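Visitor: Can you look at this prediction? I've put the sequence above it.
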Amino acid sequence: MINKEEFRKKVIITAGQIFSRYGFRKTTMDEIARELKMGKSSIYYYFESKEEIFEAVVLYEANILRNELTTAIKSVESPVEKMRNYVFVRMKAFEKLANYYNAIFDKNLDHFDFIENIREKYDREEMAILRLLIWHGTRKKVFNVANSEYTALAIQTTLKGLEVPLFWMKKEVNIENRLNAILDVLFNGILKK
């Protein structure tokens, strides 16, 4: 007897690999079933549609990202290192979590309500983490921030601006150098002291 949750997870992981290879539109239920070596009816018993599978895949990847970010932040004490770890893990995770990334940024998926919900939740969660990191650094007198809300928004906007050249253009880009340059401006500014 197959455990229902184990089977769902197997479908999610397998479908996730197919979605990231071919994209949402080109992936079919037949391909997912073939890869799992079972009939479509078995999959339809657990998922009503390809959209429902994609939503489960995106939420699964979002959870992976959330866990990686939490671990990265908790693994260091310094506010500067917490922010550095957050930025690096966040930007590198998008390379691995292609479906989550596509759900957030692919305009062709806009017509799915669940995509918009995921985008809004992602933005809210990111702002909450950034505000907390800024608050923590300000409280420890490491950061000098007048308004944590605007500062968090500025950091989020900067990171989103980096996503296009890093992931959509797929050119050879040294992500480490770009991220370090952004962190240098974030922590030290551009004004001569």
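Guide: Looks like it came in fine. Numbering: from 1, shown residues only.

Visitor: Show me where this structure dips below the pLDDT cut-off.
Guide: Applying pLDDT under 70 to the chain picks out residues 1-2, 95, 103-105, 110, 164-173.

Visitor: Could you tell me which helix of it is the longest one?
Guide: Across the chain, the helix with the greatest residue count (assigned by DSSP state H) is helix 113-139.

Visitor: Which is the succeeding secondary structure element to it?
Guide: With elements assigned by DSSP states H and E, the helix or strand that comes after helix 113-139 is helix 148-163.

Visitor: Mind listing residues that contact that next one?
Guide: By CB atoms under 8 Å, 6 or more residues apart in numbering, the list of residues contacting helix 148-163 from outside reads 87, 90-91, 94, 105, 123, 126-127, 130-131, 134-135, 138, 145, 178-179, 182, 186. Backbone N, C-alpha and C define where each C-beta goes, glycine included.

Visitor: Stretch 11-30 now?
Guide: With CB under 8 Å, 6+ apart as the contact definition, stretch 11-30 has outside contacts at 31-32, 35-36, 40, 43-44, 46-47, 50, 53-54, 56-57, 60-61, 98-99, 102, 106, 108-109.
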